[in-house]
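Visitor: dropping the sequence and predicted coords here.
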Amino acid sequence: MEEILIISNYYPPEKGAAANRIEQLALKLQENNYKVAVVCPLGNYPKGELFPEYKGKFSVTENRDNITVKRLWIYPSVSKNLLIRILSVLSFSLSLFCYLLFRKTPKKIVVQSPPLLLSFLSVMVLSLKKKKIILNISDLWPLAALELKAIKEGSFSHKISLFMERFLYKKATVIIGQSEEILTHVKTLFPEKKALLYRNFPDHKTSAFELKTTEDEPVKLFFAGLLGIAQGVSELCQQIDFKDLNIELHLFGDGAEKAAIESHIANGRNPKVFYHGMLDRKSLHETLKTFDIALVPLKTRIYGSVPSKIFEYTALGFPVLYFGGGEGETIVAENQLGWVASVGNFEELNQKLVEISKLNKADLATMKQSVFNKANIAFDLNNQLKNLIEKEVF
């Protein structure tokens, strides 16, 4: 059985799209007769605090579903202080650097990027050790950081990030990216580089449609995920007025905007917005069975980014209200998965909500079934991975 190692900054029991995505890759590779190991930090995301089972430990080796998970030391933090956050990234980067330098590793390594520094140090060591490096790009950095105004163009941090980005692409044996835009960007810099599409498709392990549509309830719109600056959910709560609409907005998750969202709900200005905290994936999916439409927003259009929530929730049967721009718009529109409002255009978003409010539940139930059928054909993780294996990516 061939061995393969995955390097990631997130892994369950941590919650969120990034952890789920890497776990699914690990499990699918295992199903295809690979012996899979994962190296990641001690569990701390999204709160930036070590989970109780990891406190006081320098490293932990676990077996999760027959996958060996090696967790290394990190100084966790989600502080708004940039220096503290850099220290946090550096702490795990140092642990990982030493691990890769001195420990025996398989010939094939999957490196997740971003975080950029983490992937840069990993690729630097692995290239010296002549490993096959499979670079898995989920977002383009530093381009995304510029669009989110996290760094300034031409600054020292921008120039260093550009150097690291190009080093990654040059040294990677093969690149897999979550969007066509990512592949285009890579090919622009390195035209001869082998780069293939690897969407963040889910694996819900169900072929049956399980959603329920309740006649005597409002349309239940929901957002579930990271309540971060990039998603802009706090602004959404302020800009949308549900008062005259037969719609409720339900929020699930955690992140930097949690306090602002709770404050907005507490002031009572929008009584049809509800916050339910963070649930694990299984509990969340069970809770959502009586809900109707998934809201997928981004505060600004980020080149290369395609929110995995599009695939996650349409595969369960939820139509999507997409408010993020870019390639995601094309995916939703071409596959007839719901509604699209231009990113940042709250007037257009409110118009779409008026349309949704007028839907009767019978039409909504039919739409859910249609979305479920389309998504489970178009977004097949098994076929996608087998195709990459046939092309000798792994």
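Guide: Great, that's in hand.
Visitor: work out for me the element the closest residue to residue 100 other than its chain neighbours sits within.
Guide: Excluding the flanking residues, the one nearest residue 100 by Cβ to Cβ, 6 or more residues apart in numbering is residue 125, at 4.4 Å. For glycine as for every other residue, the C-beta is placed from the backbone atoms N, C-alpha and C. Element membership for residue 125 (DSSP states H and E) is helix 116-128.
Visitor: could you export that helix as PDB, CA atoms only?
Guide: The C-alpha trace of helix 116-128 is given here as PDB (Å, rounded to 0.1, in the frame of the first residue of the first chain):
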ATOM      1  CA  LEU A 116       1.500  30.800   2.700                       C
ATOM      2  CA  LEU A 117       4.400  30.700   5.200                       C
ATOM      3  CA  LEU A 118       3.500  27.200   6.300                       C
ATOM      4  CA  SER A 119       3.400  25.900   2.700                       C
ATOM      5  CA  PHE A 120       6.600  27.800   1.800                       C
ATOM      6  CA  LEU A 121       8.600  26.200   4.600                       C
ATOM      7  CA  SER A 122       7.100  22.800   3.900                       C
ATOM      8  CA  VAL A 123       7.900  23.000   0.200                       C
ATOM      9  CA  MET A 124      11.400  24.300   0.900                       C
ATOM     10  CA  VAL A 125      12.300  21.300   3.100                       C
ATOM     11  CA  LEU A 126      10.500  18.700   0.900                       C
ATOM     12  CA  SER A 127      12.100  20.000  -2.300                       C
ATOM     13  CA  LEU A 128      15.600  19.500  -0.700                       C
END
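Visitor: would you mind pulling the contact partners of the helix or strand following it?
Guide: Sequence order places strand 132-137 as the next helix or strand after helix 116-128, per DSSP H and E. Residues outside strand 132-137 that contact it (Cβ atoms under 8 Å, 6 or more residues apart in numbering) are 25, 107-113, 119, 123, 126-127, 168-169, 171-178, 182, 186, 198, 304, 393-394.
Visitor: pairing partners for strand 132-137, with directions?
Guide: Strand 132-137 has the following strand partners under DSSP bridges: strand 108-113 (parallel), strand 174-177 (parallel).
Visitor: chain center to the last one: distance?
Guide: For strand 174-177, the gap between its own C-alpha mean and the chain's C-alpha mean amounts to 17 Å (Cα atoms, centre = their mean, to the nearest Å).
Visitor: so which of the strands paired with strand 132-137 is nearest residue 275?
Guide: strand 108-113 (29.8 Å; Cβ to Cβ).
Visitor: are any of the contacts of strand 132-137 buried, and which?
Guide: Buried members of those, counted by 16 or more other Cβ atoms under 10 Å: 25, 108-113, 119, 123, 126-127, 168-169, 171-178, 182, 186, 198, 304, 393-394.
Visitor: ok so, going back, what about the residue nearest to residue 100, how many residues nearby?
Guide: Using other Cβ atoms under 10 Å, residue 125 has 19 neighbouring residues.
Visitor: wait, what's in contact with it?
Guide: Counting by Cβ under 8 Å, 6+ apart, residue 125 has contacts 97, 100-101.
Visitor: go on, residue 219?
Guide: Here residue 219 is in contact with 246-248, 292-293, 356-357, 359, 364 (Cβ under 8 Å, 6+ apart).
Visitor: rerun that using 10 Å as the cut-off
Guide: 213, 245-249, 291-293, 353, 356-359, 361, 364 (Cβ atoms under 10 Å, 6 or more residues apart in numbering).
Visitor: secondary structure class for residue 223?
Guide: strand (DSSP: H, G, I helix; E, B strand; the rest coil).
Visitor: ditto for residue 366
Guide: helix.
Visitor: tally of neighbours for it?
Guide: Neighbour number of residue 366 under other Cβ under 10 Å is 11.
Visitor: now do the strands in the protein.
Guide: Assigned by DSSP state E, the strands in the chain fall at 2-7, 34-41, 59-64, 67-72, 108-113, 132-137, 174-177, 195-197, 219-226, 247-254, 273-275, 293-297, 320-323, 338-340.
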